[in-house]
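Enquirer: just a sequence and a predicted model for now, questions to come.
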Amino acid sequence: MGGPLVPDALRPEKLGGAPEASAPGLLYPELRRQNPEFTQEEAMAAVHQPQAIDPSAVDTDKLMSFVFRAVDEVGATLNTALVVMGDKLGLYRALAGAGPLSPAELARRTGISERYAQEWLNEQAAGDYVDYDPDSGRYVLPPEQTVALTDETSPAYLPGFFQIALGSVLDSPRITEVAKTGGGIGWHDHVRDVHEGCERFFRTGYNAHLVAEWLPALKGAVAKLQTGARVADVGCGHGSSTVLMAQAFPASTFVGFDYYNGSVETAARRAAAAGVDDRVIFELATAASFPGKDYDLVTMFDCLHDMGDPAGAARHVRESLAPDGAWMIVEPAAGDRVEDNLNPVGRAFYGFSTLLCTPSSLSQDVGLALGAQAGEARIRAIVTAAGFTTFRRVAGTPFNTVFEACP
């Protein structure tokens, strides 16, 4: 029993405005009048009690279809952790090209417990990640899964995608709390799997497309880079995009900027390991205050929508560019309308947007919170309002859209 019913006239929808504007404060006095022992917590529960559904309106087949879809999604959620486990323990790499293996053989190759190997393999077989032969009791990693789960040079390489998803879920209780107040959580304040997974996931796309397709799509950019350009990579994270460009264009100089010191330190180590630290430096700075003028190229990879004040960042980029410079903006692929994004990629990005991108923006000044599915029209509006006279879409993949903006 959940206490007295909320009078119909006092329900939030009858009072007008958003439910949170009228509950429990406006309802609490009336509920206390009905029952002096009624607590504020009970008032909250009463306000949000579900409305009765006419049983005749429920399609039983659709209901059961949704239930079993939910079962599949719970399995997929658990599988996210198990893919990361398989990646970190080297299980996929041990299976790759090895032919059929028993749990005992996989355990010996990787140094893990046979019992854990058996349960992990069974779950992977249930999800069609590995093939199982019941006659031999052995498991095989198919060639396609081998590429997707072990080949870091492939644009289809997926472990980083699972890793950032797992990190997002691990941090979700904190997002649940700040959602009550509209507060935020900065990018720097997430677990390590978020930072590492993000870089690993996007790096595969940058490896495949940045030098070969995206930069050549910018008017005159490659010619400048080949002869010697000044480049600012803003929101550089762990520096994968900066290092890639420096490797491809040794005559140019690059500065990577990020507001998080941990990312700047990691990026510097990556540049040194790649042998490009003679032409790449990394500095601590925000998108609205990074130093330098007359850059031939400013780049932002998958970060403009995370910023609290993307409009302020756009104005600063405009002031920092040379008169014939260009700004390359790489953003998650998105349509302008919600219905354009109701697909598997949009669903994943809306999930990341709720758990990572929107909290990141809301933790900063202004807190515009564009979200990871902002769409071209909103990006265009921000860019043109900052004084850019040219804005165009120049390239794209299933996961990213690339824009060019010029003064």
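Expert: Structure's in. What do you need?

Enquirer: Asp277 reaches Ala268, doesn't it?
Expert: Yes - look at Asp277 against Ala268 with CB atoms under 8 Å: they come within range, at 7.3 Å. To be clear about C-beta, it is placed using only N, CA and C from the backbone, and glycine gets the same treatment.

Enquirer: tell me, what's touching the two both at once?
Expert: Shared contacts of Asp277 and Ala268 (CB atoms under 8 Å, 6 or more residues apart in numbering): none.

Enquirer: now do the nearest residue to Thr390 once chain neighbours are set aside, the pLDDT please.
Expert: In this structure, Thr390 finds its nearest non-sequential neighbour in Cys406, 4.1 Å apart by CB to CB, 6 or more residues apart in numbering. Among the per-residue scores, Cys406 holds a pLDDT of 98.

Enquirer: what's the neighbour count on Cys406?
Expert: 19 (other CB atoms under 10 Å).

Enquirer: ok, the closest residue to Phe201 other than its chain neighbours - contacts?
Expert: With sequence-adjacent residues excluded and distances taken as CB to CB, 6+ apart, Phe201 is closest to Gly160, at 3.6 Å. Applying CB under 8 Å, 6+ apart to Gly160 gives the contacts 196-204.

Enquirer: swap in 10 Å and give it another go.
Expert: For Gly160, the contact set (CB atoms under 10 Å, 6 or more residues apart in numbering) comprises 84, 87, 152, 193, 196-204.

Enquirer: ok, so of the residues you listed, who is nearest Arg380?
Expert: Minimum distance to Arg380 across those is 22.5 Å, recorded for Phe202 (CB to CB).

Enquirer: right, and the closest one touches Glu331 too?
Expert: No - with contact defined as CB atoms under 10 Å, Phe202 and Glu331 do not form a contacting pair (11.5 Å).

Enquirer: any residues in contact with both of the two?
Expert: Listed as contacting both Phe202 and Glu331 by CB under 10 Å, 6+ apart are 301-302, 400.

Enquirer: pLDDT (mean, whole number) over the helix ranked longest in the chain?
Expert: Within the chain, and with DSSP state H defining each element, the longest helix by residue count is helix 60-88. For helix 60-88, mean pLDDT is 96.

Enquirer: can you pull the buried residues of it?
Expert: 79-80, 82-87 (16 or more other CB atoms under 10 Å).

Enquirer: just give me the closest of those to Ser360.
Expert: Using CB to CB, Thr80 is the member of the buried residues of helix 60-88 that lies nearest Ser360, at 20.9 Å.

Enquirer: helices or strands up against the next helix or strand along the chain from the longest helix of the chain?
Expert: With elements assigned by DSSP states H and E, the helix or strand that comes after helix 60-88 is helix 91-95. The contact analysis (3 or more CB pairs under 10 Å, 6 or more residues apart in numbering; DSSP states H and E) places helix 91-95 against helix 60-88, helix 103-110, helix 114-126, helix 143-150.

Enquirer: one more time with 6 Å, if that's ok
Expert: helix 103-110, helix 143-150 (3 or more CB pairs under 6 Å, 6 or more residues apart in numbering; DSSP states H and E).

Enquirer: who wins for proximity to Val67 among those helices?
Expert: In terms of CB to CB, the element of the helices and strands packed on helix 91-95 nearest to Val67 is helix 143-150, at 28.5 Å.
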